[in-house]
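Asks: coords please:
(2 chains)
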Amino acid sequence: MYHLIRWLIRTWRSRRGAAQAQTQIQEQTPGAPTTTGEYAAGEPVTDGAAGDNAAADEPSAPARPARPAVRLVTAPPPVPPGSGGEVSGSPALSVNGLTKRFGDRVAFQDLSFEVGHGEVFGFLGPNGAGKTTTVRTLGTLFAPTSGSASVAGLPLSPRNGAEIRRRISIMPESPGLYLRLSVAENLECFADLYDAPDPRERIDRALRAVHLADRAQDPCGALSKGLRQRVALARALLSDPAVLFLDEPTAGLDPVAARDVHELIDDLRQRGVTIFLTTHRLEEAERLCDRVAILNRTLRTVGRPEELRERMFAKSLTVRTLEPLPAPDRVFVGLPAVDGWQRDADQGYVIAVSDTRIAAPAVTRALVQAGADVLSVGESRHSLEDVYLELIDTDEEASRR
Amino acid sequence: MSISRRHVRAIFRKELREYRHNGSIVWTMAVIPLVFVLPTIINVFGVAAGSVHADLLLYMLGIPALVPAVVAAYSVVGERQQGTLEPVLTTPISREEFMLGKALAALVPSLVISYGVYVVVVACIELFAHPGVAAELVRWPELLAQLLFTPLLAGWSIWVGIAISTRFGEVRVAQQLGALASFPSVLVTALIAYAVIPASLGLSIGGAVLLLLLNGLGWRVTSAAFQRERLISGTR
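Replies: I've put the predicted structure just below:
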């Protein structure tokens, strides 16, 4: 009782001061110029977070030596007009040499990258690569072991923990809803926790955004997994975040529900929200993300999906003929922009080229002149999955050696 | 450190809504007082005037000591197991606000139950017990002691329960330890009620001051023990 009375008196006294502080906070632009605050190693980011040892979010990850870190600092690309938010001077996320260890186990090491305002940034990697730990660290839930970062314009530091959390939203992989409470009751709780100025309106807007306005009174326990995921997304939207972290938002969803989530991410991109998306679905990353990073404890690569493809794989043409060519060397060698060729399965040839626009017509003409029955001549397409598998397989081989 | 009333209220209201939707929590809280009511009633109605312990009704102080313990011990570990803790901790709420919301949500129903049961028992004694027994038991000092010590004992049990809840990863273990931790308080009230420890004004004031200090300390210590990283990563 004494405690309660003390708290009431203190709250009454601090009301005016708190209201002033709130006003100051609201006056700060989420994307305000970043001051790079160095983060002392081992200093807790969160309220009393101790940086304890042992398992992290992906405890099943096999312990293996992290590859030597390649520092990849890639500036966010200019986003084409109309494709969602211009990249302003200061990045929405700036990470510099960030490392997190749990005792001897490295969760991630020496991460350096930037994410521009309004960018959809994909964060890919195998299980145990440190994706979720990275999200939790940038979300101030975990204290980094070393390195520095700024999130939504604020240096990642213990002092800024609450203010960073006010500017961002994290949708964890598991929806984490109160299953006995209704959808509206869940959202009311979080609207208050985010200090949403007009909670009723915010809740309605968030529910409309995820097409759940008619399910507001349903208990969350009665919803399907896909619908729960949508409620979690609505919850993440309540604070109108400057940066939205989505951790596997389509995990376990059927294709229709996943498509709905994709459409919502597209909508958010149009509104200029910066999205940090961790996913295992490579086609999802390729379709949604302006840039992707591939993580396997250390950052393996960062870039636009097409850049990564070009960086990883030589350009090539695939040629298919009805019958094998009697003398392929005579057909392909010496053609402009053709660097070499090799036999492929099914009467095919893969032609390494330096420029497909020059090589393709030349190869076609050469085949016709050679009297070949041409079935197809096409540019070889490498997917983001090819890039991903190439990098991760390399890591696997290195770890086996 | 400033406390946001809105954050505290959000947690408090959410907890009360969960109680409302989960009948088993309410039933558990309502059944525990029987442990204290039945012996008291049997004692009161089974003895003649002059042979009853004058401080017998202080035994009812075991209710606020025991009732909130189980709920408080569930408060953090329960959210961890449900997977609802992480989303809450990603919001701007401070750990002190979170703890206060949880504590108030355990305190309010405990007070309602403790005072409610006490009023019913006193009314039964006044109406149905031998007038001499009633006059011996229902006295202002005991009524004031009940009024004062109920929130203090409940508060202490709650902070101990929440502290246990932040340290253990298993709901059953936390609840068992929470109940165990409240037994010293129950034992002391029982010893006073049965005159093993003689009740006095000095003991009352000393006990009240001690519980006040423990409550204040409980909030601080429990908040300090609440570490986001450890709770989410599951490390000890």
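Asks: Quickly check: the helix or strand bottoming out on mean pLDDT in chain B near chain A or not.
Replies: Lowest by mean pLDDT, DSSP states H and E among the helices and strands of chain B is helix B:23-31, with a mean of 80. No. Helix B:23-31 does not reach chain A (Cβ under 8 Å from any Cβ of the partner chain); its nearest approach is 10.1 Å. Every C-beta, even on glycine, is put in place using the N, C-alpha and C of the backbone.
Asks: quick one: that helix to chain centroid distance?
Replies: 14 Å (Cα atoms, centre = their mean, to the nearest Å).
Asks: What residues of it count as buried?
Replies: Within helix B:23-31, the residues scored as buried using 16 or more other Cβ atoms under 10 Å in any protein chain shown are B:25, B:29.
Asks: Can you list the buried residues in the helix or strand A:Val387 falls within?
Replies: Element membership for A:Val387 (DSSP states H and E) is helix A:384-400. By neighbour count, with 16+ other Cβ under 10 Å as the criterion, the buried positions of helix A:384-400 are A:384, A:387-388, A:390-392, A:395.
Asks: Let me have the residues you listed in TSV, extended by pLDDT.
Replies: Converted to TSV, the buried residues of helix A:384-400 look like this (pLDDT from 0 to 100):
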residue	pLDDT
A:Leu384	76
A:Val387	76
A:Tyr388	75
A:Glu390	74
A:Leu391	74
A:Ile392	78
A:Asp395	71
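Asks: Identify the farthest-apart pair in those residues.
Replies: Largest separation among those by Cβ to Cβ: A:Leu384 and A:Asp395, giving 16.5 Å.
Asks: Do a quick rundown of the helices in chain B.
Replies: Remark: helices assigned in chain B by DSSP state H are B:5-21, B:23-31, B:34-45, B:62-82, B:85-89, B:95-128, B:131-137, B:140-167, B:171-193, B:201-225, B:228-233.
Asks: Just list what the last one packs against, helices and strands only.
Replies: Read it as helix B:228-233. helix B:85-89 (3 or more Cβ pairs under 8 Å, 6 or more residues apart in numbering or on different chains; DSSP states H and E).
Asks: ok, and what's touching the helix it packs on?
Replies: With contacts defined as Cβ atoms under 8 Å, 6 or more residues apart in numbering or on different chains, helix B:85-89 is touched by A:141, A:170, A:172, A:174, A:176, A:190, A:193, A:232, A:235, B:11, B:76, B:79, B:98, B:228, B:231-232.
Asks: Around chain B, pick out the residues from the stretch 101-250 of chain A.
Replies: So the stretch 101-250 of chain A meets chain B at A:102, A:136, A:139-143, A:162-163, A:165-166, A:168-170, A:172, A:174-181, A:185, A:188-190, A:192-195, A:219, A:232, A:235, A:239 (Cβ under 8 Å from any Cβ).
Asks: Okay, and which of these map to helices?
Replies: Those of those lying in helices (DSSP H): A:136, A:162-163, A:165-166, A:185, A:188-190, A:192-193, A:232, A:235.
Asks: Same list, the residues you listed, but as TSV with neighbour count and distance to B:Val160 please.
Replies: What follows is those, written out as TSV (neighbours: other Cβ atoms under 10 Å in any protein chain shown; distance: Cβ to Cβ, whole Å):
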residue	neighbour count	distance to B:Val160
A:Arg136	28	29
A:Ala162	18	27
A:Glu163	17	33
A:Arg165	25	29
A:Arg166	22	32
A:Glu185	20	29
A:Glu188	22	30
A:Cys189	25	26
A:Phe190	27	29
A:Asp192	23	28
A:Leu193	29	26
A:Ala232	23	33
A:Arg235	28	32
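Asks: Tell me which two in those residues are the farthest apart.
Replies: A:Glu163 and A:Glu185 (27.0 Å).
Asks: What residue spans form the domains of chain A?
Replies: A:93-307, A:314-381 (automatic domain parsing).
Asks: for these, which one ends up most surrounded?
Replies: Compared across the domains of chain A, domain A:93-307 shows the largest average neighbour count, a mean of 21 (mean count of other Cβ atoms under 10 Å in any protein chain shown).
Asks: Does A:Pro197 lie in a helix or a strand, and which?
Replies: Here A:Pro197 is assigned to no helix or strand, by DSSP H and E.
Asks: Can you read off the pLDDT for it?
Replies: Reading off the confidence values, A:Pro197 has pLDDT 92.
Asks: for the chain, which spans come out with low pLDDT?
Replies: As the question left the chain open, I've gone with chain A. Within chain A, the ranges that satisfy pLDDT under 70 run A:1-89, A:312, A:346-347, A:397-401.
Asks: if you could check chain B rather than the one you did, that'd help
Replies: B:1, B:47-51, B:235-236.
Asks: how about the residue lying closest to A:Arg228 once chain neighbours are set aside, what does it touch?
Replies: Leaving aside its sequence neighbours, A:Arg228 sits nearest to A:Pro175 (Cβ to Cβ, 6 or more residues apart in numbering or on different chains; 4.5 Å). Residues in contact with A:Pro175 (Cβ under 8 Å, 6+ apart) are A:228-229, A:231-232, B:83.
Asks: what does B:Leu153 give?
Replies: B:Leu153 neighbours (Cβ under 8 Å, 6+ apart): B:61, B:64-65, B:185, B:189, B:211.
Asks: how about the strands of the stretch 301-401 of chain A, start to end?
Replies: For the stretch 301-401 of chain A, applying DSSP state E, counting those that start in this stretch gives strands covering A:316-321, A:338-344, A:348-353, A:374-379.
Asks: Which one of those lies nearest to chain B?
Replies: With Cβ to the nearest Cβ as the criterion, chain B lies closest to strand A:374-379 of the strands of the stretch 301-401 of chain A, at 44.2 Å.
Asks: Need the contact partners of the closest one.
Replies: Under Cβ under 8 Å, 6+ apart, the answer for strand A:374-379 is A:315-322, A:347, A:356, A:360, A:363-364, A:367-368.
Asks: relative to strand A:316-321, how tilted is it?
Replies: Put simply, strand A:374-379 runs at 170 degrees to strand A:316-321, going by axes from the mean of the first three to the mean of the last three Cα atoms, to 10 degrees.
Asks: Enumerate the sheet neighbours of strand A:374-379, specifying parallel or antiparallel for every one.
Replies: Strands that pair with strand A:374-379, judged by DSSP bridges, come out as strand A:316-321 (antiparallel).
Asks: How far off centre is the partner strand?
Replies: Counting by Cα atoms, centre = their mean, strand A:316-321 comes out at 35 Å from the chain centroid.
Asks: For that strand, output the C-alpha coordinates as PDB.
Replies: Provided in PDB are the C-alpha atoms of strand A:316-321 (Å, rounded to 0.1, in the frame of the first residue of the first chain):
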ATOM      1  CA  SER A 316      25.900 -17.300 -70.300                       C
ATOM      2  CA  LEU A 317      23.600 -18.400 -73.100                       C
ATOM      3  CA  THR A 318      21.900 -21.800 -73.200                       C
ATOM      4  CA  VAL A 319      21.600 -23.300 -76.700                       C
ATOM      5  CA  ARG A 320      19.500 -26.300 -77.500                       C
ATOM      6  CA  THR A 321      19.600 -28.100 -80.800                       C
END
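Asks: Much appreciated, bye for now.
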